[in-house]
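In: Based on what follows, work out the 3D shape:
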Amino acid sequence: MAGITLAQAEAKLAIWLAAEEALATNQEYMIEVDGSRRMLKRSDLAEVAKRIDYWDGKVKSLTAAAAGRSRTRYLVN
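Out: Residues are numbered from 1 along each chain as shown. Okay, here's the model as predicted:
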């Protein structure tokens, strides 16, 4: 199985950034019907922030690797 490509990581980052934008304006809401209330909550904004950090790190890592600035170190005894 091949690893994640830079294009895939950038696409995932874009999806999570869009999710954060949607949640920032409408994370939870209440519906009231015939005297009964129900609270609905979308995904947890903190979890979305974690996913953004993860994919941002992947994009940065893959970009650096593509530019030849990989952080791989080789130790020889």
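In: For the host helix or strand of D56, name the packing helices and strands.
Out: According to DSSP states H and E, D56 maps onto helix 45-66. If you count contacts as 3 or more C-beta pairs under 8 Å, 6 or more residues apart in numbering; DSSP states H and E, helix 45-66 packs onto helix 6-25. Glycine gets a C-beta too; all of them are placed from N, C-alpha and C.
In: tell me the angle of the following helix or strand past the helix it packs on relative to helix 45-66?
Out: Remark: after helix 6-25, the chain's next helix or strand is strand 28-33, criterion DSSP H and E. Strand 28-33 and helix 45-66 are oriented at 140 degrees to each other (axes from the mean of the first three to the mean of the last three C-alpha atoms, to 10 degrees).
In: Could you shift the numbering so residue one becomes 26, and keep it that way?
Out: All right, first residue 26 from here; so that's strand 53-58.
In: Name the residues of strand 53-58 that are buried.
Out: Going by neighbour count (16 or more other C-beta atoms under 10 Å), nothing in strand 53-58 comes out as buried.
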